[in-house]
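*Asks:* Based on what follows, work out the 3D shape:
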Amino acid sequence: MPERKRVAVLADSDTRWKWGALTARRLVPDHQLTGYLLRGRATPTARQLGEVGVRADRLTEVTCAEFLAEIERERYDVVVLALVGGAVQAVLHGARALWPTPAKRPVLITGYVGVVYEKLADGLLLRHGADLVLANSRHDAERFRAVYEGVGADAGAVTETALPFLGGAPYEQAGSRAHTVVFAVQPSVPDSRADRAYLLERAAGHARLHPEREVLIKLRSKPGEHTTHLEEQPYQRLAEKIPGGLPANCRLVYGNMGEVLDGTDLLVTVSSTAALESLHRSIPTAILTDLGIREALGNHHFLGSGCLASWDQLDSGLLPEGDPLWLAAQGVHPGSTTATPATATQVAATQVAATQVAATPAAATPAAATPAAATPAAAAPGGAEPAGAAPAAAAPARAARSSAEPAAGAPHDAYAVARAKVAGLVAAARLPAPAPYYTLTTAPRYLPGILARHHLAPDGTPLPGAVRPAAGESRLRRRLRAHLREAARGAYRHGVQRVAPVIRRLGEL
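*Replies:* Below you'll find the model as predicted:
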């Protein structure tokens, strides 16, 4: 019986933990999962983790430097970085400091938790250097490759997959009218108090206009909790200020989005990733246009989807349906089943390709003899050239892409190519050192600041005191330190949600 692969997921919020853990499940079906939460403002609470519904064999809160020490000591097969771009970049440079030459190291994977509609170039270049950069659709994969190729960086790591939480039972319409309407709110879209109050009042108005319907306001977090984005104006507090309160058939709800969608007849949102989950299940889905179609709102991403609508149109009975061509380009395949593992032939072919390339000295590869080997993408953190490490890492990725293509008429499996790539890289005797695009040569001002925020030196090594030795520290002291951290987080969240809005309003007087 083959040994279970050891997988570590490092996440910095509840939604990224969900994405990272489910991605690990899709890429390495038989694995032992260890979870790490990156210490910071958005570290999820126990309630938030329970709501996500994805458990790990072990879950530990760490700093970036502590995580690097863990992956050096524990020898994981795969590491999934479910983080913001800056944190991904810090881990990649830290990993390069740990394995500066070709070695047996974990496969490094990263990606995006949902719709990518802002900071495309910045976020992607901060993720460059991972072995796999997952794209949630064909549309995203094309954009990602264009960004990397546009700066002369290797794009072989970009791998088309799909959102790992797309699934659930297909929608079965119970008549010509919607009975349960779910308004999926977002922590930071829109960001103004007036716009958020408007949307809440329109949802309540829809409930009054349609007393036969149940309108659920699906919340992301409770006051005092943080998610991927800051929420300065919680809907819970706005609901308290509605004259007469919410109607009887309109209420605030929490819970796992997949379970909420099980009973949904119409999903309404501004630009939440929940819309893709809903469309995957063929649930009528509306992307609100009341506040305009603007990049700042993210709803411009849904141009051509067939789902753009206003509350006025929904009040009149509109039930939008997604455009099939747009859905396919976004990696949404209504009615498709859960992804299945790659075939043994696909995995074996990829393993051979990865092993052959990884075992070849980097300086001897054809790519190293071309001018491309001297591009900024191949520069080391300190400005030295790593002898074509990035092209060597890309070769098994390209081989995997061709070897795992599904046969005509086969069931859709969005993760087949990525799964085969990972299997091949894990089987390799050694992998090249990570080679991020950003180095002290390409970004001498930008990079050191990113690394310093995570207590790493410009060469990726931990700064003095960044890793606190566990030995010799009493249990009481550790608990006291944890309580102090939680108190500091509470003070920060209170400042964001209570003090900051007051100061902002005073400034407008």
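*Asks:* Which secondary structure elements does whichever strand or helix holds Ala69 sit against?
*Replies:* Using DSSP states H and E, the element containing Ala69 is helix 64-74. The contact analysis (3 or more C-beta pairs under 8 Å, 6 or more residues apart in numbering; DSSP states H and E) places helix 64-74 against strand 5-11, strand 31-38, helix 85-98. The C-beta positions use only the backbone N, C-alpha and C, and glycine is treated the same way.
*Asks:* Identify all contacting residues around the shortest one.
*Replies:* Contacts of strand 5-11 from elsewhere in the structure, counted by C-beta atoms under 8 Å, 6 or more residues apart in numbering, are 17, 19-21, 23-24, 28, 30-38, 56, 62, 67, 70-71, 74-83, 91, 106, 426.
*Asks:* Apply the buried test to these and list what passes.
*Replies:* 17, 19-21, 23-24, 28, 31-38, 56, 62, 67, 70-71, 76-83, 91, 106, 426 (16 or more other C-beta atoms under 10 Å).
*Asks:* re the thing from before, quick one: closest of the helices and strands packed on helix 64-74 to Ala153.
*Replies:* helix 85-98 (13.0 Å; C-beta to C-beta).
*Asks:* give me the low-pLDDT residue ranges for this structure?
*Replies:* 1, 42, 175-176, 223-231, 336-411, 468-509 (pLDDT under 70).
*Asks:* give the contact list for the residue nearest to the spatial centre of it.
*Replies:* Among the residues of the chain, the one closest to the centroid is Val113, at 2.3 Å (C-alpha atoms, centre = their mean). By C-beta under 8 Å, 6+ apart, the residues touching Val113 are Thr15, Arg16, Lys18, Trp19, Ala82, Thr228, Thr273.
*Asks:* neighbours around the first one, how many?
*Replies:* Summarising burial for Thr15: neighbours were counted as other C-beta atoms under 10 Å, giving 24.
*Asks:* List the contacts of the helix or strand it falls within.
*Replies:* If you go by DSSP H and E, Thr15 is part of helix 14-27. By C-beta under 8 Å, 6+ apart, the list of residues contacting helix 14-27 from outside reads 7, 9-11, 31, 33, 35, 37, 44, 48-49, 51-54, 56, 78, 80-83, 109, 111, 113-114, 134, 161, 163-165, 221, 227-228, 339, 415, 418-419, 422.
*Asks:* Could I get the helices and strands packed on helix 64-74 in CSV, plus columns for distance to Ala466?
*Replies:* Below are the helices and strands packed on helix 64-74 laid out as CSV (distance: least, C-beta to C-beta, whole Å):
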stretch, distance to Ala466
strand 5-11, 16
strand 31-38, 14
helix 85-98, 10
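*Asks:* Just tell me which of the ones you listed ends up closest to Phe183.
*Replies:* In terms of C-beta to C-beta, the element of the helices and strands packed on helix 64-74 nearest to Phe183 is strand 5-11, at 26.5 Å.
*Asks:* Paired strands for the closest one, with orientation please.
*Replies:* The strands beside strand 5-11 in its sheet (DSSP bridges) come out as strand 31-38 (parallel), strand 78-82 (parallel).
*Asks:* Same list, these, but as TSV with distance to Pro444 please.
*Replies:* Formatted as TSV, the strands paired with strand 5-11 follow (distance: least, C-beta to C-beta, whole Å):
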stretch	distance to Pro444
strand 31-38	26
strand 78-82	24
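*Asks:* got the angle between the helix holding Thr15 and strand 5-11?
*Replies:* Interaxial angle, helix 14-27 versus strand 5-11 (axes from the mean of the first three to the mean of the last three C-alpha atoms, to 10 degrees): 160 degrees.
*Asks:* and helix 14-27, how far from the chain's centre?
*Replies:* 8 Å (C-alpha atoms, centre = their mean, to the nearest Å).
*Asks:* Please, where are all the strands along the protein?
*Replies:* For the chain, applying DSSP state E gives strands covering 5-11, 31-38, 58-62, 78-82, 107-110, 132-135, 158-160, 180-184, 214-218, 250-253, 266-269, 285-288, 308-309.
*Asks:* Identify the residues contacting the longest one?
*Replies:* To tie it back to what came earlier, the one meant is strand 31-38. Taking C-beta under 8 Å, 6+ apart as the rule, strand 31-38 contacts 4-12, 17, 21, 24-25, 43-44, 56-64, 67, 70, 74, 76-78, 83, 87.
*Asks:* Also the fourth one?
*Replies:* Here strand 78-82 makes contact (C-beta under 8 Å, 6+ apart) with 5-12, 16-17, 19-21, 23-24, 27-28, 31, 71, 87-88, 91-92, 106-111, 113, 130, 422, 426.
*Asks:* Let's see that with 7 Å instead.
*Replies:* 5, 7-11, 16-17, 19-20, 23-24, 28, 71, 88, 91, 106-110, 113, 130, 422, 426 (C-beta atoms under 7 Å, 6 or more residues apart in numbering).
*Asks:* any idea of the angle that strand forms with helix 85-98?
*Replies:* 150 degrees.
*Asks:* and strand 78-82 with helix 64-74, angle?
*Replies:* Going by the same axes, to 10 degrees, strand 78-82 makes 170 degrees with helix 64-74.
*Asks:* quick revisit: okay, the contacts of Val113 in CSV with distance to Arg138 next?
*Replies:* Output for those, formatted as CSV (distance: C-beta to C-beta, whole Å):
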residue, distance to Arg138
Thr15, 23
Arg16, 23
Lys18, 23
Trp19, 19
Ala82, 22
Thr228, 24
Thr273, 17
